[in-house]
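**Q** give me the fold of what follows.
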Amino acid sequence: MSVVALRLAGPLQSWGASSKFVRRDTETAPTKSGVLGLVAAAKGLRRTDPLESLLGLRFGVRLDQPGQLLRDFHTAQKPKRERDGSTSWTPLPLSYRYYISDAAYLAVLEGEHDLVTTIDAALRSPEFPLYLGRRSCPPAGPIALGVFDTDLDTALATRPWLASTRVQKRTRDTLVTLATVRDAAEGELTAEAIHDTPVSFDPNHRQYEWRNIVRGTVKIPNPHGTTAPVTEHHAMSVLEA
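**A** Predicted structure coming up:
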């Protein structure tokens, strides 16, 4: 098995797994359905095209820079043609949309070498525009990080920290503990499942199945970390001397 690694970073991201009606939530980490949708767009698949070639991939994500939750609301009006030919507008209910701002994630897809290689190539030269969960969320910088001959768990535990330099310098520890969310291995016991495996992206008949996930943590070196002790500054020390 091999893996393809992705860097998912941008001003805004939104990865919904349970949005309904006028409330559009986001998960705290990229979803498998969202990332496979991104891959399908890069490969030029239409929403009605079958997804069988992608459904066998194992998925995992590492929260390198979790970001902050942001709420927005949308107003809309519905046009109505009157008998005299004029148009009136009927206000629709407010819809609340949730986003994650200033976040960066490492996403990993594990599968056959030839398949992940084609995914990496597609992400570097996508057929359709790529976005991070919603069309209003473009990525900041390249997404593809390359193909590696390793497994999902090893990639999540060894790939370099993707947080911004500002965040890395602000975090003084030489090792940082990062949260992970990954597909459960076959036969692995897990108590959590989410409705997040896409069967069809057809807008007239979207279908998703459940997938079992495992949450964990990994320790990653901080290139800007330091072991020097932080000394407390005493403003009156000079006068006291």
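
**Q** which secondary structure element contains the closest residue to Leu55 other than its chain neighbours?
**A** Leaving aside its chain neighbours, Leu55 sits nearest to Thr197 (7.0 Å; criterion: C-beta to C-beta, 6 or more residues apart in numbering). Every C-beta, even on glycine, is put in place using the N, C-alpha and C of the backbone. Per DSSP states H and E: Thr197 is located in strand 192-200.

**Q** same check, this time on Ala157
**A** For Ala157, the host element (DSSP H and E) is helix 152-158.

**Q** which strands and helices lie in contact with that helix?
**A** Counting by 3 or more C-beta pairs under 8 Å, 6 or more residues apart in numbering; DSSP states H and E, the packing neighbours recorded for helix 152-158 are strand 2-13, strand 58-65, strand 95-111, strand 175-183, strand 207-221.

**Q** buried ones in the third one, by neighbour count?
**A** What that stands for is strand 95-111. Within strand 95-111, the residues that count as buried by 16 or more other C-beta atoms under 10 Å are 97-100, 102-111.

**Q** circling back to that earlier point, out of the helices and strands packed on helix 152-158, nearest to Val35?
**A** With C-beta to C-beta, the closest approach to Val35 among the helices and strands packed on helix 152-158 belongs to strand 95-111: 5.4 Å.

**Q** CA atoms of the closest one as CSV?
**A** What follows is strand 95-111, C-alpha atoms only, in CSV (Å, rounded to 0.1, in the frame of the first residue of the first chain):
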residue,chain,number,x,y,z
SER,A,95,-29.8,30.1,7.0
TYR,A,96,-26.8,29.8,9.4
ARG,A,97,-23.5,28.6,8.0
TYR,A,98,-20.5,27.5,10.1
TYR,A,99,-16.9,27.6,9.0
ILE,A,100,-13.4,27.0,10.4
SER,A,101,-11.1,29.9,9.9
ASP,A,102,-7.3,30.0,9.7
ALA,A,103,-6.9,26.2,9.9
ALA,A,104,-4.5,23.7,8.4
TYR,A,105,-4.9,19.9,8.1
LEU,A,106,-2.9,16.9,6.9
ALA,A,107,-5.2,14.6,5.0
VAL,A,108,-4.0,11.1,3.9
LEU,A,109,-5.5,8.6,1.5
GLU,A,110,-4.2,5.0,1.6
GLY,A,111,-4.7,2.7,-1.4
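
**Q** that one pairs with which strands, parallel or anti?
**A** Strand pairing for strand 95-111, determined by DSSP bridges: strand 2-13 (antiparallel), strand 23-24 (parallel), strand 58-65 (antiparallel), strand 68-74 (antiparallel).

**Q** which intervals of the chain have sub-threshold pLDDT?
**A** In the predicted model of the chain, residues 18-21, 227-241 satisfy pLDDT under 70.

**Q** that older thread, could I get the strands paired with strand 95-111 as a markdown table with distance to Arg170 and mean neighbour count?
**A** Below are the strands paired with strand 95-111 laid out as a markdown table (distance: least, C-beta to C-beta, whole Å; neighbours: other C-beta atoms under 10 Å):
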| stretch | distance to Arg170 | mean neighbour count |
| --- | --- | --- |
| strand 2-13 | 17 | 23 |
| strand 23-24 | 31 | 15 |
| strand 58-65 | 11 | 23 |
| strand 68-74 | 15 | 12 |
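
**Q** so what touches stretch 193-201?
**A** 17-18, 27, 31-33, 36-37, 40, 47-48, 51, 55, 206-213 (C-beta atoms under 8 Å, 6 or more residues apart in numbering).

**Q** go again using 7 Å as the cut-off
**A** 17-18, 31-33, 36-37, 40, 47, 51, 206-213 (C-beta atoms under 7 Å, 6 or more residues apart in numbering).

**Q** show me what contacts the residue nearest the centre of the chain?
**A** Centroid-nearest residue in the chain, with C-alpha atoms, centre = their mean: Pro30, separated by 2.6 Å. Taking C-beta under 7 Å, 6+ apart as the criterion, Pro30 is in contact with Leu8, Trp15, Val61, Tyr105, Ala107.
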